[in-house]
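In: with the input below, show me the fold.
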Amino acid sequence: MNVKFLNQPKDVNFLDVLKEKLENNKFSKIWLVAGFAKDSALDLIYDSVAKAVANGATVECVFGLDKKNTSKDMLLKFLSLGCTVRFHINGDQAKFESRMFIFESEEGDSYVYVPGSKLSEGGITSNYTLIEEISYSKEEKVEFGKVKAALESGLMSDEFEVLTEEKLKDLASTGEILARITERKIPSINELYNQTTSTEENTATTYDEESGVDYKELLNSDIDIAIDSEETIKVQESLGDEVEHKIKKVEKEPEDKVITKMVGLEKEPDFENANTLIMQLSNCTSGEIKIAPAIALSLKTFFNYPDFFHVEKDEKDNLNETQAVELEIFENESNFQADDDNAQIIFNTKNALIRSEVLKQISLDDGDIMRLIKQNNSKFRCEIIKQNTNEFEVWQNFCTIQIKGTTKKIGVI
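Out: Residues are numbered from 1 along each chain as shown. Reported below is the predicted structural model:
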């Protein structure tokens, strides 16, 4: 048995690793296990999974599903390939969180990959993460068999059910998962960062599959069409709720504002599934980044609060709930980079704080942008994007949600 750690994005792109293994015809059985399975990532690996099946491999998928990220249409594509798909509906209390990709070979080495990130587009392409690669030689079949046995044992629960086309339709009709995905051209993070033009089509939003309206055409229509200022249209969404949208007459907007709207598709940020928080800084003090009370409690899941927190007194004998974290700190103007193994995330009665002695070494100004990237439960990367740098305008486009009671905005990925 040989164990390696692969560093994304510095050394590898996990998508390339998955594609190479899926398209290699030496594997007889493949397991794709993801507690968080997002359409954007499934779409990226779909063609490679199709090649694996065509090469004679048995592909078993075990996915955690929810009403935000995985659609009926995408899952139906995997079923149509002949994949066996077992699923768990992720709710607020009981979530399936495992991530494992297993490739079994009868004649050569077998592989197990345990990534630190989710099965999302960013999680397998650009997010900072370590991926554990464990390889087993042909002679180590007993040890490899223990891995398969542990996986199968964990799936014996009634919570994991084999997905059928009929069950899939039921899940969509009851709103447990999205009914349908539509196509829309959205620039990826890398494309925006490098200021290139997107040619890829990613997926977003849903609509009622029984409706006769051509929503794809509607979504891709030019924004300068004439619409009466108080005209109301009704959109039937996937859960069957009728939502009224007041549309006012608009003129064609500058390209930078159009891009801002394109990356800010959701009215509310998806705090629960986010792994990157993008925030304009305010009330800056040395060594601390304050998170406004209006959003602090919404970020409980992002910061694993209160699971990893303990009550601690500060220098003024105030009681705070505190978690010790490792913090990688980077400031783009000076290219300052340093690690703090003793940083803290603090929740108190007023707000949330990120506190670090290393932060005292850099300048924090109101209006600067922080990108806080969650790598695991106790490790974060904090990037400070200064206002007079080229990158600032790019990440400012992602700050689309106004923080109540302030002039600052945030965004999540």
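In: for the stretch 1-150 of the chain, which residues score under the pLDDT cut-off?
Out: 92 (pLDDT under 70).
In: just the helices in it please.
Out: 14-23, 39-54, 72-81, 121-125, 141-154 (DSSP state H, counting those that start in this stretch).
In: now those helices in TSV, with mean neighbour count and distance to Gly64?
Out: Quick note: C-beta positions are derived from backbone N, CA and C, even for glycine. Below are the helices of the stretch 1-150 of the chain laid out as TSV (neighbours: other Cβ atoms under 10 Å; distance: least, Cβ to Cβ, whole Å):
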stretch	mean neighbour count	distance to Gly64
helix 14-23	18	18
helix 39-54	19	12
helix 72-81	19	12
helix 121-125	23	13
helix 141-154	13	13
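In: compare those and give me the one nearest Lys290.
Out: Nearest to Lys290 among those is helix 121-125; the distance by Cβ to Cβ comes to 26.1 Å.
In: returning to what we had before: among the helices of the stretch 1-150 of the chain, which is nearest Asn388?
Out: Of the helices of the stretch 1-150 of the chain, nearest to Asn388 by Cβ to Cβ is helix 121-125, at 26.9 Å.
In: other SSEs contacting the closest one?
Out: helix 14-23, helix 39-54 (3 or more Cβ pairs under 8 Å, 6 or more residues apart in numbering; DSSP states H and E).
In: and the last one, what does it pack against?
Out: In terms of contacts (3+ Cβ pairs under 8 Å, 6+ apart), helix 39-54 is packed against helix 14-23, strand 29-34, strand 58-65, helix 72-81, helix 121-125, strand 202-204.
In: quick one: strands adjacent to the third one?
Out: Strand 58-65 pairs in its sheet with strand 29-34 (parallel), strand 84-89 (parallel), by DSSP bridges.
In: list just the one of those strands that sits closest to Gln344.
Out: Using Cβ to Cβ, the strands paired with strand 58-65 put strand 29-34 closest to Gln344, at 31.5 Å.
In: rewinding a little: any chance of the helices and strands packed on helix 39-54 in TSV, plus distance to Ile102?
Out: Shown next, in TSV, are the helices and strands packed on helix 39-54 (distance: least, Cβ to Cβ, whole Å):
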stretch	distance to Ile102
helix 14-23	10
strand 29-34	4
strand 58-65	9
helix 72-81	17
helix 121-125	16
strand 202-204	27
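In: of those, which approaches Ile329 most closely?
Out: Comparing the helices and strands packed on helix 39-54 by Cβ to Cβ, helix 121-125 comes nearest, at 20.7 Å.
In: re earlier: and Leu281, which of the helices of the stretch 1-150 of the chain is closest to it?
Out: Per Cβ to Cβ, nearest to Leu281 of the helices of the stretch 1-150 of the chain: helix 121-125, 22.7 Å.
In: now Phe380, what are its backbone angles?
Out: phi -130, psi 150 (degrees, to the nearest 10).
In: could you do the one 5 residues further on as well?
Out: Torsion angles at Ile385 (phi, psi; degrees, to the nearest 10) stand at phi -100, psi 110.
In: what is the neighbour count of the nearest residue to it once chain neighbours are set aside?
Out: Once flanking residues are discounted, Ile385 sits nearest to Ile369: 4.1 Å by Cβ to Cβ, 6 or more residues apart in numbering. By other Cβ atoms under 10 Å, 27 other residues sit near Ile369.
In: again, but for Val114
Out: With other Cβ under 10 Å as criterion, Val114 counts 16.
In: still on that earlier bit, residue contacts, the residue nearest to Ile385?
Out: Residues near Ile369 by Cβ atoms under 8 Å, 6 or more residues apart in numbering: 278-281, 384-385, 387, 392, 395-396, 399.
In: now with 10 Å, please.
Out: 278-281, 332, 383-387, 389, 391-396, 398-399, 408-411 (Cβ atoms under 10 Å, 6 or more residues apart in numbering).
In: got the domain ranges for the chain?
Out: 2-173, 182-263, 276-412 (automatic domain parsing).
In: so what's Ile403 up against?
Out: Counted by Cβ under 10 Å, 6+ apart, Ile403 has contacts 279-280, 282, 291-295, 409-410.
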